[in-house]
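Enquirer: got a structure for you, letters missing:
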Ligand SMILES: Nc1nc2c(ncn2[C@@H]2O[C@H](COP(=O)(O)OP(=O)(O)OP(=O)(O)O)[C@@H](O)[C@H]2O)c(=O)[nH]1
């Protein structure tokens, strides 16, 4: 039995799953979380210090899940503030911005940091997210998909927190991957259309 099965929300009807969003400072982690939870976008979103979290209930396959979404500070100087929160995670969004090649290069570092501090199994449900597709891109979808394939066939999706493209779909995709690994796939419907990558 994993962590998530033991955690229920206050009404005892929903499975609570901890989702951690990682990636370089400024790639749009806070905006993705806020778009998903409140459907708002902040042009002047400020750097996160440490971690913040918000809950959102979603239904899938006839079950209710509370996603407890942890938005972490991407700047290197906040490393010691964010890493203690990795333990007990059920899934992780590895995020970069498609207009920012260094943030794409750093995905490997983010994954290593997470695996080290969260101490997770090899089949842990990661989802790679290429955000800011409303901007001129400097990392191609093909490059990102190739990286995902080389790194254990990780699923990949592209989003814009600004215009809301694929934001809800990315959290649903991650939940579906978690469910597949947990052996619940037979109860899950197919993901929405418009997704990139393979589950
Ligand atoms: N054009 C565009 N801008 C975005 C998008 N997502 C976020 N931004 C902008 O990018 C900047 C940084 O966004 P944040 O969400 O604060 O970035 P972060 O990854 O949480 O940054 P840290 O807290 O420093 O780790 C802000 O000015 C946002 O308005 C997007 O999809 N498109």
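Expert: Yes, it's here. Everything numeric in this text was worked out from a predicted model, so none of it was measured.
Enquirer: Alongside the ligand, which residues does this structure contribute?
Expert: The chain has residues 23, 25-31, 42-43, 45, 47-48, 73-75, 131-132, 134-135, 160-162 near the ligand, with proximity defined as Cβ under 6 Å from any ligand atom. (Glycine included, C-beta is placed from N, CA and C.)
Enquirer: what about 5 Å?
Expert: By Cβ under 5 Å from any ligand atom, the residues of the chain that approach the ligand are 25-31, 43, 45, 47-48, 74, 132, 134-135, 160-162.
Enquirer: Now the closest residue to residue 157 other than its chain neighbours: which helix or strand?
Expert: Nearest non-adjacent residue to residue 157, counting by Cβ to Cβ, 6 or more residues apart in numbering: residue 170, 4.8 Å away. Element membership for residue 170 (DSSP states H and E) is helix 167-181.
Enquirer: elements contacting that helix?
Expert: Other helices and strands packing on helix 167-181, by 3 or more Cβ pairs under 8 Å, 6 or more residues apart in numbering; DSSP states H and E, are strand 15-23, helix 29-38, strand 51-60, strand 63-72, strand 91-97, strand 126-131, strand 156-158.
Enquirer: Just give the strands next to the fourth one in its sheet, each with its orientation.
Expert: This points to strand 63-72. Using DSSP bridges, strand 63-72 pairs in its sheet with strand 15-23 (parallel), strand 51-60 (antiparallel).
Enquirer: Rounded mean pLDDT for that strand, please.
Expert: For strand 63-72, mean pLDDT is 94.
Enquirer: List the buried residues of that strand.
Expert: Neighbour counts over strand 63-72 (16 or more other Cβ atoms under 10 Å) mark 65-72 as buried.
Enquirer: thought the residue nearest to residue 157 was touching residue 127?
Expert: Yes: using Cβ atoms under 8 Å, residue 170 is in contact with residue 127, at 6.4 Å.
Enquirer: Which neighbours do those two have in common?
Expert: The contact sets of residue 170 and residue 127 overlap at 93, 157 (Cβ atoms under 8 Å, 6 or more residues apart in numbering).
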